[in-house]
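1. give the three-dimensional model of this entry:
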Amino acid sequence: MTTNAIAAVLRDGDGKFELEEVKLGPLASDELLVKVIGAGMCHTDLLMRNPEYIAQMGPLILGHEGSGIVEEVGSSVRGIEVGDHVLISFDSCGRCRNCRAGIPSYCDEFFARNTTGRRADLSTSAIDRNGLPLANRWFGQSSFATHAIATERNLVVVDKSLPLELLGPLGCGLQTGAGSVMNEMKLAAGQSIAVFGAGGVGLAAVMAAKAAGARDIVVVDLVDARLETALEVGATRTVRGDTPDLVEAIKNGGRGFDFSFETTAVASVITTAVSILDIPGKAVLVGGGQAKFEIDPTLLTGRTVTFALDGSSTPQIFLPQLLDLWQRGWFPFDKLVQTYPLEQINQAVEDSLSGKTIKPVLTPAQH
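-> Sure, this is the predicted structure:
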């Protein structure tokens with residue numbers, strides 16, 4: 001069975017999305033069709049507007065953090081039913097060593113399933129009005145559309161009383177920020193953290209650090225409005241990124257931080273994120289980009305640097321934990337969200353890049 005949908009398709013190097021009629025399906029036995037209610041816009045989606053990437057991947061539907069209602073279920077799916085309300089997160093195979101060890105964000109097939117826009121076997125399940133294939137499995141979902149195809153592995157069933165439109169961003173950006181603090185750093189009460197970049201990912205880390213009991217949460221950014229928001233959601237202090245002698249300004253006379261969290265992928269910022277650490281200390285990097293950075297090995301004395309995918313999370317375990325924190329008032333991510341109808345996707349891109357909106361969320365079901 002196939003389904004007609006409206007999708008925001010990226011075709012050209014101008015980086016503009018065009019709404020098009022597409023046909024999705026038929027489903028493979030392990031797949032499900034989801035009516036998309038909310039779809040968060042993440043920096044990783046914006047990176048894909050690079051003409052070189054589009055030339056390599058072909059026309060594609062982006063969107064990799066969604067929420068919606070299940071409308072059709074493949075023959076081998078057992079844990080999810082038609083009518084279930086779900087969050088859509090990253091995909092994983094469920095069979096490899098890391099999946100079986102409970103770390104699916106490091107699945108052997110992670111990049112094949114999530115960054116090609118295709119299934120693991122490189123096939124697609126969407127065609128445009130001319131019958132030509134579209135890449136429609138970006139992070140196992142491609143949720144910038146009225147409908148998306150996903151698998152049981154990247155869906156999380158949630159209570160039907162929750163506001164699905166608001167919950168779209170939980171599946172990637174917010175999970176990445178909060179999970180990096182809670183799962184990768186395992187930050188404990190009384191410890192300290194410096195967060196570089198006050199976008200949705202960075203501010204999710206701030207909220208998670210506050211919920212975990214951090215004593216010092218310093219946020220670094222170049223946009224004053226975002227620094228103000230950081231203080232509203234849990235930062236104890238902020239520093240503009242263009243401050244002279246930035247390392248000392250961040251340390252503020254102290255010996256350094258237990259952790260740093262780097263979201264920008266800017267080489268100089270990564271170096272700063274390592275330089276402000278105490279000994280021992282750990283820097284967690286998550287920014288997507290092609291920047292390379294060089295570092296004096298002695299700067300790593302007693303310090304650890306790692307790159308984390310999706311907050312080192314298992315979505316079916318961690319996303320319900322975030323929802324619980326939100327319901328208790330300890331993870332107020334709703335303060336970051338601004339909704340846009342699907343037809344305003346290009347405006348949402350502009351507002352995200354300018355810093356006007358921290359977390360744009362598209363509402364395709366209203367199309």
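
2. ok, now which ones touch the closest residue to Asp91 other than its chain neighbours?
-> Excluding its sequence neighbours, the residue lying closest to Asp91 (Cβ to Cβ, 6 or more residues apart in numbering) is Gly140, at 2.8 Å. (Glycine included, C-beta is placed from N, CA and C.) Residues near Gly140 by Cβ atoms under 8 Å, 6 or more residues apart in numbering: His64, Ile88, Ser89, Phe90, Asp91, Arg113, Asn114, Ala150, Thr151, Arg153, Asn154.

3. then Pro364?
-> By Cβ under 8 Å, 6+ apart, the contact list for Pro364 reads Ile6, Val36, Ile37, Ala39, Ser143, Phe144, Ala145, Thr146, Leu342.

4. for Ser312, see how far away the residue nearest to Asp91 is.
-> Distance, Gly140 to Ser312, using Cβ to Cβ, to the nearest Å: 18 Å.

5. in which helix or strand does Arg99 reside?
-> Let me fix one detail, which is that residue 99 is Cys and not Arg. Secondary structure assignment for Cys99, by DSSP states H and E: helix 97-100.

6. which of the residues in that helix are buried?
-> Neighbour-count burial for helix 97-100, counted by 16 or more other Cβ atoms under 10 Å, picks out Asn98, Cys99.

7. stretch 58-71 too?
-> Within stretch 58-71, the residues that count as buried by 16+ other Cβ under 10 Å are Pro59, Leu60, Ile61, Leu62, Gly63, His64, Glu65, Gly66, Ser67, Gly68, Ile69, Val70.

8. how far out from the middle of the chain is it?
-> A distance of 13 Å separates the centroid of the chain from that of stretch 58-71, by Cα atoms, centre = their mean, to the nearest Å.

9. so how far is the first residue of that stretch from its last?
-> 28 Å (Cα to Cα, to the nearest Å).

10. which of the contacts of Gly140 count as buried?
-> The buried subset of the contacts of Gly140 - by 16+ other Cβ under 10 Å - is His64, Ile88, Ser89, Phe90, Asp91, Arg113, Asn114, Ala150, Thr151, Arg153, Asn154.

11. wait, the fourth one touches Val156, no?
-> To tie it back to what came earlier, the one meant is Phe90. No - counting by Cβ atoms under 8 Å, Phe90 does not reach Val156; the two are 11.1 Å apart.

12. any residues in contact with both of those two?
-> Contacts common to Phe90 and Val156, judged by Cβ under 8 Å, 6+ apart, are Gly171, Pro315.

13. hmm, back to that, which of the buried ones among the contacts of Gly140 lies closest to Lys160?
-> Comparing the buried ones among the contacts of Gly140 against Lys160 with Cβ to Cβ places Ile88 closest, at 16.0 Å.

14. which residues touch that closest one?
-> Ile88 makes contacts with 34, 36, 65-68, 140-141, 143, 148, 150, 154-155, 171, as judged by Cβ under 8 Å, 6+ apart.

15. which SSE is Tyr53 in?
-> Counting by DSSP H and E, Tyr53 is part of helix 51-57.

16. counting by contacts, list what the following helix or strand past that helix packs against.
-> Scanning forward in sequence from helix 51-57 by DSSP H and E, the next helix or strand is strand 60-61. Strand 60-61 makes packing contacts with strand 3-10 when contacts are defined by 3 or more Cβ pairs under 8 Å, 6 or more residues apart in numbering; DSSP states H and E.
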